[in-house]
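# How does the following fold in three dimensions:
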Amino acid sequence: MLKNMPISAMIGLSFTALYFLMALFAPLIAPYGMAEVVGDVWEPSSSEFLLGTDNIGRDLLTRLIYGGRTTIFIATMATILSFVTGAVLGFFAAVSGGWIDQVLSRFVDLIMSIPSLIFALVVLSVMPTTMFILIVLMGLLDSTRVYRLARAVAVDITVMDYVEAARLRGEKTAWIIFREILPNALSPLVAEMGLRFIFMVLFISTLSFLGLGVQPPQADWGGIVKENKEGINYGIQAALYPAYAIATLCISINLVADWILNRTTSLKGGRG
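Next comes the predicted model:
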């Protein structure tokens, strides 16, 4: 499978694996504690602090490693929640049809009519900003996009002969969704999963930058940008390092998703 991988996908997979491994083993590879003050404010790069220190003297490399762990964890959990919720409801609406399809679709249209960022800011302004709340809120808001895609794909699949044959055999809705529709809808869903993960990374980073995401002393990339943004006025790059990390992770995920999409498309899913 990896032998014929294009260079772009190899680069993307390498960076993605690196970021996920750093997130997984953050306590083992971080040189200092996440909130430990170890030097002066905005010290330059040195042998002791490879990326320098942040706005209160914490090691910036350590903050980036732990920040990546938090960002990737929240984005991954929210993406999984959005796909489980959106895909299942989308498939269910397409298979059921009638008033069930109409009610679910109009409710999703209502939620999508409100910009996600504004919706999240309103909710987080009145609710405690915990990691659990962030994951649930982001996952449910983004599930509306997944629902639209899953329903659109499933509507085309439900008219296929093998789905009709399953109905005639008396198969239940769950069987039709998970054994007939899901395997044949994987290609667009896989591509969308990469895009939704990227959106989640940007979403949580935006919320943290605005002060309603991950709360100090916990670290995430958007929060690190917020903490060190004043340093840009003095030529200090502390706020740019997490921005570079966000950009490279998003590009890497996109390269891998494109490669997976090409492979799954070439494998064809139709059953006869």
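# pLDDT at Pro242, what is it?
Turning to Pro242, the model gives it a pLDDT of 93.
# what's the neighbour count on it?
28 (other CB atoms under 10 Å). (Each C-beta comes from the backbone N, C-alpha and C, glycine too.)
# gap between stretch 22-42 and the chain center?
Between the centre of stretch 22-42 and the centre of its chain there are 24 Å (CA atoms, centre = their mean, to the nearest Å).
# end to end, how far does it reach?
Start-to-end span of stretch 22-42 (CA to CA, to the nearest Å) is 24 Å.
# got a list of what Asn254 touches?
Counting by CB atoms under 8 Å, 6 or more residues apart in numbering, Asn254 touches 12, 194-195, 198.
# Identify the residues contacting the residue nearest to the spatial centre of the chain.
Nearest to the mean C-alpha position of the chain, by CA atoms, centre = their mean, lies Phe197 at 2.4 Å. Contacts for Phe197 (CB under 8 Å, 6+ apart) come out as 75-76, 79, 253.
# cutoff 10 Å now
By CB atoms under 10 Å, 6 or more residues apart in numbering, the residues touching Phe197 are 16, 72, 75-76, 78-80, 82-83, 142, 249-250, 253-254, 257.
# Among those residues, the buried ones, what's the ChimeraX command?
Listed next is the ChimeraX selection for buried residues among those, using 16 or more other CB atoms under 10 Å:
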select :16,72,75,76,78,79,80,82,83,142,249,250,253,254,257
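# can I assume Ser187 is in contact with Arg263?
Yes: between Ser187 and Arg263 there is a contact at 9.1 Å, judged by CB atoms under 10 Å.
# Which one's more surrounded, the two?
Taking neighbours as other CB under 10 Å, Ser187 and Arg263 compare with Ser187 leading, 19 against 15.
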